[in-house]
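In: Below: sequence and its predicted model.
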Amino acid sequence: MPDLTKPEAYSILTLCLMASFADGDKDQRERDRIKKLSDSFAASDVDFMWLYQEILLRKPALTDVASRLSSKESRQLAYEMAVCVCDADGVSNEAETAFLAELRDTLGLNPAAAMATEAEAGELAVIPTTTAPTGGARTEETNAMILRYAISAGALELLPQSLANLAVIPLQTKMVYRIGSQRGFSLDRKSILEFMATVGLGIVSQVFEGFARKLTRKLGKSVAGKLGGALGSAATGVAISFASTYALGQLAQLYYDSGRTLSMAALKTKYAALAEEGKTLAQTYSAQIAEKGESLKGANIATLLKGV
């Protein structure tokens with residue numbers, strides 16, 4: 001990721017938020033999660049609440065936002081992140097595709113480079129949720145599988161590619177599919193994403209948060225303020241991705257073992273506790289996460305995830 005000035009970081013984050021609302025039909029829960037995320041940054045020098053209000057109320061022009069990106073690298077990074085945000089909940093729809101085309105032209109990007117980004121992100125967005133059957137439901141084997149997925153999710157945080165943030169989503173959906181199918185439930189991507197939404201694990205907001213961590217980490221503590229300490233460090237980013245994946249897997253196991261009888265309130269309460277447990281475990285498995293991150297460097301992420 002290139003070095004960024006504060007105006008460039010603001011511009012990229014603004015474009016990411018604009019991308020998240022480009023289809024005009026985002027689930028209200030997703031909007032609420034993004035707003036809640038911005039609320040959590042209120043004490044930092046990066047004013048996410050201002051960005052959020054700027055987009056929804058004042059609706060800035062793409063040309064004005066893009067004009068603050070002075071380097072080729074920052075413009076390419078902004079486009080990659082916008083593509084990932086649009087593809088987070090599936091391949092871009094017509095409205096999102098139109099937004100990305102306008103953004104690409106506004107940024108003056110090389111068409112071939114832009115198309116390569118779109119193709120790779122699109123490939124990640126349509127990775128099949130289904131995986132080969134692994135037999136019946138055995139708690140010990142399921143726990144080991146969840147740990148492997150959590151380690152992989154944490155390792156993705158260590159990679160420099162923008163698409164690594166997008167890759168966490170198919171990783172998590174495949175894990176939930178395997179857990180449910182082992183217990184005799186027929187699942188598809190839509191039902192899995194709905195399960196994730198129930199516990200407050202947003203798709204678009206999760207991708208956006210990953211980008212926010214990386215951007216503020218590049219800016220440094222002098223610019224990122226409290227955010228740099230709360231979310232900005234590599235170690236904390238790893239812990240968040242590891243913990244959310246671990247908690248989701250453990251919750252899925254509880255949910256499908258119960259015959260899907262747990263209430264929404266119970267799911268949310270259990271998820272919060274499991275996420276805290278996951279953050280602690282991330283430190284225990286830090287060496288394995290680092291080793292996995294090294295093994296992923298240079299790999300085609302989409303190809304890699306198909307084999308997970």
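Out: Great, that's in hand. Note that the structure is predicted; figures quoted are calculated from it, not measured.
In: pretty sure Q161 is touching N300, no?
Out: No. Using C-beta atoms under 8 Å, Q161 is not in contact with N300; the gap is 10.2 Å. For the C-beta atoms, the positions are set from N, CA and C on the backbone; glycine is no exception.
In: so what's T97 up against?
Out: C86 (C-beta atoms under 8 Å, 6 or more residues apart in numbering).
In: likewise R75?
Out: Neighbours of R75 in contact, by C-beta under 8 Å, 6+ apart: 66, 69, 107-109.
In: and what of S241?
Out: 153-154, 156-157, 168, 210.
In: one step back: any chance of TSV for the contacts of R75, columns distance to M115?
Out: Below are the contacts of R75 laid out as TSV (distance: C-beta to C-beta, whole Å):
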residue	distance to M115
A66	19
L69	20
L107	14
G108	15
L109	10
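In: among the residues you listed, who's most crowded?
Out: Among the contacts of R75, L69 has the most neighbours (other C-beta atoms under 10 Å), with 24 neighbours.
In: ok, back up a step: so for Q161 and N300, which sits in the more crowded spot?
Out: Q161 (18 against 11).
In: For that one, give me its contacts.
Out: Q161 makes contacts with I301, as judged by C-beta under 8 Å, 6+ apart.
In: again, but for L163
Out: Applying C-beta under 8 Å, 6+ apart, the residues near L163 are 80, 84, 117, 120-121, 124, 301.
In: Need the nearest residue in space to A78, chain neighbours excluded.
Out: With C-beta to C-beta, 6 or more residues apart in numbering as the criterion, A78 has its nearest non-adjacent residue at 4.5 Å, and that residue is I12.
In: now swap in T5 and tell me
Out: Nearest to T5 is S70, by C-beta to C-beta, 6+ apart, at 7.8 Å.
In: and that neighbour, which of the three is it?
Out: coil (DSSP: H, G, I helix; E, B strand; the rest coil).
In: returning to what we had before: out of the contacts of R75, which sit inside helices?
Out: With DSSP state H as the criterion, helices contain 66, 107 from among the contacts of R75.
In: In this structure, which helix is the longest?
Out: helix 234-257.
In: Name the residues of that one that are buried.
Out: Going by neighbour count (16 or more other C-beta atoms under 10 Å), the buried part of helix 234-257 is 236-257.
In: same check, this time on stretch 8-27
Out: 8-23, 26.
In: So for L267, what's the pLDDT?
Out: pLDDT, L267: 93.
In: ditto for E73
Out: For E73, the model assigns a pLDDT of 89.
In: Then the one 4 residues further on?
Out: Per-residue confidence for L77 comes out at a pLDDT of 89.
In: check which helix or strand covers it.
Out: helix 72-87 (DSSP states H and E).
In: Repeat that for E118.
Out: Using DSSP H and E, E118 falls in helix 111-125.
In: buried ones in the helix or strand that that helix is followed by?
Out: Using DSSP H and E, the helix or strand that directly follows helix 111-125 along the chain is helix 139-156. Judged by neighbour count (16+ other C-beta under 10 Å), helix 139-156 contains these buried residues: 142, 145-156.
In: With pLDDT and distance to S205 as extra columns, can I get those in a markdown table?
Out: Below are those laid out as a markdown table (pLDDT from 0 to 100; distance: C-beta to C-beta, whole Å):
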| residue | pLDDT | distance to S205 |
| --- | --- | --- |
| T142 | 92 | 27 |
| M145 | 93 | 26 |
| I146 | 96 | 22 |
| L147 | 96 | 25 |
| R148 | 94 | 25 |
| Y149 | 94 | 20 |
| A150 | 95 | 19 |
| I151 | 94 | 23 |
| S152 | 92 | 21 |
| A153 | 92 | 16 |
| G154 | 92 | 19 |
| A155 | 91 | 21 |
| L156 | 89 | 17 |
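In: For the residues you listed, give me CSV that also has distance to S92.
Out: Compiled in CSV, those are given as follows (distance: C-beta to C-beta, whole Å):
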residue, distance to S92
T142, 34
M145, 31
I146, 31
L147, 33
R148, 30
Y149, 26
A150, 28
I151, 30
S152, 25
A153, 23
G154, 27
A155, 27
L156, 21
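In: between those, which is nearest G180?
Out: Nearest to G180 among the buried residues of helix 139-156 is T142, at 10.8 Å by C-beta to C-beta.
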